[in-house]
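> quick one, fold the following:
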Amino acid sequence: MQSDYQLLIAKLDAFIRKYYKDRLIRGALYATGLLASLFLATALLEHLGHFGTSLRTLLFWGFVLSMGLVLGRFVVQPLVMLMRLGPIISHEEAARIIGSHFNDVRDKLLNTLQLHDLAAALPNRRELIEAAIAQRSRELGPVSFVRAIDLRRNRRYLRYAAPPLALLLLLLFAAPSIITGPAHRILRHGSEFLPEAPFRFVLLNDSLTVAEDKDFELLLGMEGDPLPSRVEVEANGAAIPMIQQSAGRFSYRFRAVRSRIVFSFLADGFKSREYTLTPEPAPLVIGLSASLQYPAYLGLSNAEERLAGDMTVPAGTRITWLATAQSADALHMEFDDTTLVSAPLPTESGQALFSMTRRMMQSRSFVLRPLLDARHGTEPMRHRIEVVPDLYPTITVQSTQDSSALRRLYFSGEAGDDHGLRKLLFHYRFVTGGDSVPAENRQGSIAIAIDSRSVRQAYFHTWDLYDLSLLPGDRIEHWFEVWDNDGVNGSKSTRTPVQTFAAPTLNELSDRQEARSEESKERLRESISEAQDLQQELDKLRRDLLEKKEADWQDKNRLQQVVERQKLLEQRIEKSVEQMRQSQRESREFSPLDERLLEKQERIQELFENVLSEEMKELYRKVDELMQKLDKDQLQEQLREMKLGQEDIEKELDRALELFKRMEVEQQAEDITKRLQELAEKQEKLSEETKEEKRPDDELKREQESLNHEFKELRKDMDQLSEKNKDLEQPMNLPDTEALEQEIQDQQQRSSEDLDRKQKQKASSGQKGAAEKMEQLAHQMESAMQGGAQEQQEEDMDALRQLLENILHLSFGQEGLMADLTATNIRDPRWVGHGRMQRKLRDDAKVIEDSLFALSKRVPQIQSTVNKEMNAVNDNMDEARRLIGEARANERFKPSAADKQQRAMTSLNNLALLLDEALQQMMQQMNAQSKPGSGSCDKPGKNPSGQSGKKPSLSKARAQQQAMQKQLEEMRKAMEQGKKPGDQRGKGSPGLPGMSQQLANLAAQQAAIRKEMQRIAQDLNKDGSGTGNELNKLAQQMEQQEKDIVNKSITPETMRRQQDLLVRLLEHEKAERERELDQKRTSNEGRDAPPPDPARAFEHQLLKAREAELLRTVPPGLKPYYRDRVNAYFGTFDRP
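Numbers count the residues shown, from 1 in each chain. So this is what the prediction gives:
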């Protein structure tokens, strides 16, 4: 059985070998066809394309790679399997192939192989399986398995190999060059192969010689088929395309040939033989110089130009050229309009010298052409003579307005000319009149000093319009005019553009003031609202901090937002202050107000400036530092002070708004009065013109209609004034003028109708009556405002006296309660009564606060410090009341309560001093106004010495400090003798306070002097000079004195500090007197003082011009184009 199965396996192995032999034959046929086709394609591509080395390398390696892939797939793989060097098909796969070929075999052979494998897996049935295998093997023995593969069937694959082989053999016999040539080039793919040209290069030039520095045109003809469309000439290692003139004809121009040129032609990859182009010597200009003779009036010395090519000369200059040439027997100088011809001059050298002369009046271009035997040399040299005529002078101007004197203008500019200046004038002329008189035919000129020898110079000019008696509405045109020194055509002038200075009319001023007032009031309202919001936010933040153990980042963030909002509030208030300054400047310059209103404006502006005190700003800076530490206790205290500060700001803003509104009403009333008076003058003048019939009827009618319109507008302003007055908390007493206004308007209307009816006499009478009633209306307005102001001032003074008495009464009450509190034990039943008494004092302070705040809204003399001191009184009383209640549980709060009471009393004493000062100022003002002949023209608030009553005095402060020294010495002696403060209470004459009261009064006096020092320092520092800084140091020493007095610690150090204060106050008093003398001397000079230097207004531009002058050095040899570019660049330095 084993031999039958082995025979069966041998027959299967024979089948497998024949199977792979069949695949090898078929693969060989495939490979032959593919490789032959690939070879043909590669050879034909190279034959048609005649590629370079890179493409041939690509074809070579592409063919090698493709051949390897084809042979490996179709030949090597079946051969390897035939030799059993790799994986081959299994016996089972061979059995399937055989079973599919023989019907009598089918699955028998496969089953036999499977039974053989099963016998090994089932040993208990091995004998039965082996018997079945033997039987099947005998049945398959007669079958020849190799007959399943017929090798003759591969003949059909010859159709893939035979055609390409036949085509290859045919080409090898018929046209071998198509195969062998490309094959050779592909095999030697790294070598260059020059193709054989199918055409011929034909040089068409008769000679290859050219004159030196001349151009040479190379001509080439092409013969053959096909002809190339592009030909290049290769010379000096560069291939340059030739120009095709026609089919088969090309040209190229060699420029300025100076040396031998070896060249050849290239076309479609084919190259011609080499040719040589040889230059010959030519006539050449090797040097050119010129002698310049300038016109006599320019005053210039004659000049020589060694390199006389392009030149720039003044008009009328005579130029003599000298040219040196080689290989030349003539020289032509060809201009636009003529040609100069020169023969060579005799010279000892071998070079030729030529001379030509011409007077230049206009710019011309020319060329130099050297000749030799009438033959031109090289390309001619082209040059240009730029003739510069005497140009018009140039002038620029900039102007700026003095910020502090609106009727003073500064001018800066630059004037220049090519040959110098003769004079510079400033012109002006009136073009329209003001509100009350027509324009006069006024004009003028002012000479500006200049240097006539300088061709370019800066100038400055100050124009002071105060000397021209400007009226509202006047318009003045002004300009500068400069003349040059042209000695040929006469002096020429140039003007700057005409500029106009327009003084605003009364209506324009009124409109501007109205717009600024509305904007300022709106900004003040916004500021008040913002201050209230900030106050609420601070209060809420403080309450929230009380409920926390420590401050966190959220509190820091909220506080940061409050600080930022406070900064925005400061900016808004500063804008309001700046607007008020601008309004004041315009009012002073163009429509001077009554001195009383100007004084009120100054006080309100000062109030605005002091809304945000330095202490408040410093407080916010401290809060900014504390935010980094997040200290709850310190933040609590700072928040309390910030809340009080915000209350001060809110009150001051509210007060400022009300004062501003009152001033606005007064100012508008005065403005309406002035306009009524001017309108009455115009109406009176028109009445006379109508009566005398000096003007045509239509002009009179138009003028009357214009006056009617003006009065209607004036009535609207009066209605607006009435509405503004009603908006005041305490309106002023304005007269009821509605009936009189209507009479004026009716009379004006009747006058217009009479003019329409040509009834001039009747119209003139009506116009005169309207003018008289206008004057009557203006008088009513003026009398009402003056009388109302005086009456209101008397009422305010009475209210101020009553307030002063109430404050003194409250101060004594607080002092008495402080003494009782100090002497009472916290367990004494009277302690509760002290708390109730403190509450009553706080209620009385509230009444005083309300009255004082209402009065401060009407009286600008009351300083902003008053309301701040009142807030300090309230705060200290509130704290004292709280501490009195807490002291019942903890005695350590008792000294703090007494300290707060002491502070409240100090603030009350300060209040009394400030209100007394305000009352004195009001009394001085009323006395000044009531003097015979003084009227209301004297400036309010001035004392007989001419100094403002509101101005603090160092001499007064020194006297008060010196008086305190005596009292301090007495108190110190009493304390050394063992008399404790409070022991003498009630003793002495009736009403005399004890030692505690004396100490409290001394502390209050020291606080008042300290605040006076701070106010003086603030006034001195307003100009930014820092003069008041030393006084601030004195104020700090005074504060230390105040603490010693409050703490009842009057030591030798206190007395030494007191003496030092007196010495330093005396020094500052002397310095103050010197400053006042300087100010008086300056004020006496007045308008005689020279105007400020206008150059200072343009300091930046002047410095810039000086820097430019250091750089402005233009080399004289520059060509005109570059000279213009350099001058244009330096011109940028002169622009603003």
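
> would you mark the buried spots in stretch 1041-1058?
Gln1041, Glu1042, Asp1044, Ile1045, Val1046, Ile1050, Thr1054, Met1055, Gln1058 (16 or more other CB atoms under 10 Å). (Glycine included, C-beta is placed from N, CA and C.)

> is it true that Ala31 touches Val75?
Yes. Using CB atoms under 8 Å, Ala31 makes contact with Val75 at a distance of 5.3 Å.

> who has more neighbours out of those two?
Using other CB atoms under 10 Å, the more surrounded residue of Ala31 and Val75 is Ala31, with 20 against 17.

> once you drop chain neighbours, what's closest to the more buried one?
Leaving out its chain neighbours, the residue that sits closest to Ala31 by CB to CB, 6 or more residues apart in numbering is Phe74, at 4.4 Å.

> so who does that neighbour touch?
Residues near Phe74 by CB atoms under 8 Å, 6 or more residues apart in numbering: Arg26, Gly27, Ala28, Tyr30, Ala31, Leu34.

> look up how far Ser229 lies from the fourth one.
Tyr30 sits 45 Å away from Ser229 when distances are taken as CB to CB, to the nearest Å.

> of those two, who's got more company?
Higher neighbour count among Tyr30 and Ser229: Tyr30, with 17 against 10, using other CB under 10 Å.

> quick check: the gap between the more buried one and Phe39.
15 Å.

> so Ser251, which state does it fall into?
At Ser251 the chain is in strand, as set by DSSP: H, G, I helix; E, B strand; the rest coil.

> so Glu234 sits against Ser264, correct?
Yes. Using CB under 8 Å, Glu234 is in contact with Ser264, at 5.1 Å.

> what sits in contact with each of the two?
The contact lists of Glu234 and Ser264 share Lys271, where a contact means CB under 8 Å, 6+ apart.

> from the buried residues of stretch 1041-1058, which land in helices?
Among the buried residues of stretch 1041-1058, the ones falling in helices (DSSP state H) are Gln1041, Glu1042, Asp1044, Ile1045, Val1046, Thr1054, Met1055, Gln1058.

> could you list the low-confidence segments of the stretch 351-500 of the chain?
In the predicted model of the stretch 351-500 of the chain, residues 373-379, 403-406, 432-441, 469, 487-488 satisfy pLDDT under 70.

> could you pull out the strands for it?
Here the stretch 351-500 of the chain has its strands, by DSSP state E, counting those that start in this stretch, at 352-360, 364-372, 375-376, 381-388, 394-401, 408-416, 421-432, 443-448, 456-464, 475-484, 493-495, 499-502.

> output those strands as a markdown table; include the columns mean neighbour count and distance to Gly833.
Converted to a markdown table, these look like this (neighbours: other CB atoms under 10 Å; distance: least, CB to CB, whole Å):
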| stretch | mean neighbour count | distance to Gly833 |
| --- | --- | --- |
| strand 352-360 | 18 | 116 |
| strand 364-372 | 19 | 117 |
| strand 375-376 | 14 | 132 |
| strand 381-388 | 16 | 106 |
| strand 394-401 | 16 | 69 |
| strand 408-416 | 21 | 70 |
| strand 421-432 | 18 | 80 |
| strand 443-448 | 12 | 84 |
| strand 456-464 | 18 | 74 |
| strand 475-484 | 20 | 78 |
| strand 493-495 | 15 | 91 |
| strand 499-502 | 14 | 74 |
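
> can you list these in JSON lines and add distance to Gln761?
JSON lines is the format used below for the strands of the stretch 351-500 of the chain (distance: least, CB to CB, whole Å):
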{"stretch": "strand 352-360", "distance to Gln761": "79"}
{"stretch": "strand 364-372", "distance to Gln761": "80"}
{"stretch": "strand 375-376", "distance to Gln761": "100"}
{"stretch": "strand 381-388", "distance to Gln761": "73"}
{"stretch": "strand 394-401", "distance to Gln761": "49"}
{"stretch": "strand 408-416", "distance to Gln761": "48"}
{"stretch": "strand 421-432", "distance to Gln761": "32"}
{"stretch": "strand 443-448", "distance to Gln761": "39"}
{"stretch": "strand 456-464", "distance to Gln761": "47"}
{"stretch": "strand 475-484", "distance to Gln761": "36"}
{"stretch": "strand 493-495", "distance to Gln761": "51"}
{"stretch": "strand 499-502", "distance to Gln761": "39"}
